[in-house]
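J.: Starting from these lines, generate the structure:
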Amino acid sequence: MNASQPEPALTVSAGHGSVAEVFTTFLKLGVTSVGGPIAHLGYFHRELIARRQWLDEAQYAQLLALCQFLPGPASSQLGFALGLIRAGWLGAFAAFVAFTLPSALLLVAFASAADYLAGTHGQAAIHGLKLVAVAVVADGVRRMAKQLSPDAPRALIAASTAALIVITNAPLIQLGVVAAGALLGQWLCRRVSTVQGVAFPLRYGSRTGTVLLVAFGILLALALVAAESDRPSVAGVAAGFYRAGALVFGGGHVVLPLLQQTVVDSGWISTDEFLAGYGAAQAVPGPMFTLAAFLGARLDGIPALLGAGVCLLSIFVPGLLLVSGALPWWRSVGSYPGATRALAGVNAAVVGLLAAALYDPVWTSAVIAPTDFAIALIGFVLLAATHASTFSSSHGAWAPIS
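T.: Alright, predicted model coming up:
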């Protein structure tokens, strides 16, 4: 190469891997990636960027920015996109299956054993999982507030959102506060720096991306108009979990209030079951959205494996459609200042959304006695200390945008 010529956009090994390589790499991540969505970003960076050099640091940061820009499970979207860039569509599906399947199978197994936990010891174990949920969600609120509402305007959006949700407790208010966050972001988040979008090496173009985005929109419209029922059906369950996956900004813990609205408020699953599953989801590696597998396996009137499969696919599909559809457009959309400000406002509202969920149902149903408070507090302190020591050394290049 002539020394005067610019370096190509990719100086690493993107687009030159095999499906088998992607599958085995993500299977390793799927059985070892504990610690929640933020931790997964560190595992991906260490294994795929620092060690295998699938992308360089700047490209990884851009891909992470895109996944945070979109609703859906950010770490799973990131893994899907990395597989897509590395080995095409089959690589993307291999990455998703390998990263998701281990935790999904573990949670289905836990759902099958849940009926044997009706005794005193079983109920104590379930209560312990609920206290785990308190510590994990509290730590999630702390970290998200630090990253996504670091200044007074965004802290105001977050606090107002939390107060509004706790006071009203209306089913549609969650969608309203996310939309309000985007609008307020245009006004209150003008100092947020604009992300400069880049083009990623893909085997398809903007036309395919448009088709994928249209498919996402059509399925979301169908899910929004689907009739609700007191009894779960395959179609109703698919619609409810698709809505949750399509409308959750921030991924991970933030899906908690949306899933609560879908399965608890509808009467499909009790609060105790829901929080026990959520606590169990913290104990297994892989994406937290696999909580959907536990919930699907516990639905009355639907076979466990069918329910788990429908819920799992329904909650993941919208985020995967969005990220694969948006990849060809990221260079232009990601550089638009209005989009960056809207994202900042939405992220701040998401902090408030999760803070409200921390209070109800997580805190109100788990912390009953002073000993419960002490156990939850110890768990929270341990989590905060663990995350601080684990990620402080590698936070720079792949840190979430704020």
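J.: Please, which helix or strand holds the closest residue in space to Ile315 that isn't next to it in sequence?
T.: Leaving aside its chain neighbours, Ile315 sits nearest to Gly245 (3.9 Å; criterion: C-beta to C-beta, 6 or more residues apart in numbering). From N, CA and C alone the C-beta is placed, and that goes for glycine too. In this structure, Gly245 sits in helix 234-247 according to DSSP states H and E.
J.: go on, Val108?
T.: helix 74-113.
J.: Buried ones in that helix, by neighbour count?
T.: Within helix 74-113, the residues that count as buried by 16 or more other C-beta atoms under 10 Å are 74-88, 91-96, 98-104, 106-108, 110-111.
J.: Test my guess that Leu188 contacts Ile157.
T.: Yes - Leu188 lies in contact with Ile157 (C-beta atoms under 8 Å); the separation is 6.7 Å.
J.: ok, those two, which is more surrounded?
T.: Ile157 (28 against 20; other C-beta atoms under 10 Å).
J.: The more buried one: what's it in contact with?
T.: By C-beta atoms under 8 Å, 6 or more residues apart in numbering, the contact set of Ile157 is Ser149, Gly181, Leu184, Gly185, Leu188, Gly345, Ala348, Ala349, Gly352.
J.: Out of those, list just those in helices.
T.: Using DSSP state H, the members of the contacts of Ile157 that fall in helices are Gly181, Leu184, Gly185, Leu188, Gly345, Ala348, Ala349, Gly352.
J.: what's the spacing between the last one and Gly267?
T.: With distances taken as C-beta to C-beta, to the nearest Å, Gly352 is found 26 Å from Gly267.
J.: which ones are touching the nearest residue to Ser75 once chain neighbours are set aside?
T.: Distances taken as C-beta to C-beta, 6+ apart place His40 nearest to Ser75, at 3.8 Å, with adjacent residues excluded. Shown in contact with His40 (C-beta under 8 Å, 6+ apart): Leu29, Ser33, Ser75, Leu78, Gly79, Pro287.
J.: Which pLDDT value goes with the residue nearest to Ile315?
T.: We have a pLDDT of 92 for Gly245.
J.: Same question for the one 4 residues further on.
T.: In the prediction, the pLDDT value recorded for Phe249 is 69.
J.: Equivalent analysis for the one 4 residues further on, please.
T.: On pLDDT, His253 comes in at 66.
J.: now do Gln5
T.: Gln5 is given a pLDDT of 39.
J.: residues contacting Ser76?
T.: Taking C-beta under 8 Å, 6+ apart as the test, what Ser76 contacts is Phe96, Phe99, Thr100, Gly251, Pro287, Phe289, Phe316, Gly319, Leu320.
J.: make it 10 Å
T.: 37, 40, 67, 95-96, 99-100, 245, 251-252, 286-290, 315-316, 319-320, 323 (C-beta atoms under 10 Å, 6 or more residues apart in numbering).
J.: Mind checking which of the residues you listed are buried?
T.: Taking 16+ other C-beta under 10 Å as the criterion, what is buried in the contacts of Ser76 is 37, 40, 67, 95-96, 99-100, 245, 251-252, 286-290, 315-316, 319-320, 323.
J.: end-to-end on stretch 291-310?
T.: Chord length of stretch 291-310, first to last residue, is 12 Å (C-alpha to C-alpha, to the nearest Å).
J.: Could you measure from the closest residue to Thr262 other than its chain neighbours over to Ala223?
T.: Spatial nearest neighbour of Thr262, chain neighbours left out: Gly240 (4.0 Å); criterion: C-beta to C-beta, 6+ apart. The gap separating Gly240 from Ala223 is 8 Å, by C-beta to C-beta.
J.: Please enumerate the shared neighbours of these two.
T.: Ser314.
J.: And these two? Which one has more around it.
T.: Remark: of Gly240 and Ala223, Gly240 carries more neighbours, 26 against 22, as counted by other C-beta under 10 Å.
J.: any idea how far the more buried one lies from Val19?
T.: From Gly240 across to Val19, the span is 32 Å (C-beta to C-beta).
J.: Same check on Ser103?
T.: Ser103 is 21 Å from Val19, by C-beta to C-beta.
J.: for Trp54, same thing?
T.: To Val19, Trp54 is 14 Å away according to C-beta to C-beta.
J.: again with Gly338
T.: In terms of C-beta to C-beta, Gly338 sits 38 Å off from Val19.
J.: Same question for Ile49.
T.: Ile49 is 20 Å from Val19, by C-beta to C-beta.
J.: So for those two, which residue has more residues nearby?
T.: Just comparing Ile49 and Val19: by other C-beta under 10 Å the higher neighbour count belongs to Ile49, 21 against 18.
J.: Quick one, grab the pLDDT at the more buried one.
T.: pLDDT, Ile49: 83.
J.: Same check on Ile375?
T.: 89.
J.: And for Gly36?
T.: Gly36 is given a pLDDT of 66.
J.: Contact partners for Thr371?
T.: Neighbours of Thr371 in contact, by C-beta under 10 Å, 6+ apart: Leu131.
J.: Please read the previous query as pertaining to Leu247.
T.: Listed by C-beta under 10 Å, 6+ apart, the contact partners of Leu247 are Pro71, Gly72, Gln174, Leu175, Val178, Leu220, Ala223, Leu224, Val254, Val255, Leu258, Pro318.
J.: Report all helices and strands that the helix or strand the last one falls within contacts.
T.: By that I understand Pro318. Taking DSSP H and E as the criterion, the element that holds Pro318 is helix 304-326. Counting contacts by 3 or more C-beta pairs under 10 Å, 6 or more residues apart in numbering; DSSP states H and E, helix 304-326 is packed against helix 57-69, helix 74-113, helix 206-225, helix 234-247, helix 255-259, helix 291-297.
J.: And these: which comes nearest His127?
T.: helix 74-113 (15.5 Å; C-beta to C-beta).
J.: Assign a three-state SS to the residue nearest to Ile375 when sequence neighbours are not counted, would you?
T.: If the residues on either side of it in the chain are set aside, Ile375 comes closest to Leu131, at 5.1 Å by C-beta to C-beta, 6+ apart. At Leu131, secondary structure determined by DSSP: H, G, I helix; E, B strand; the rest coil is helix.
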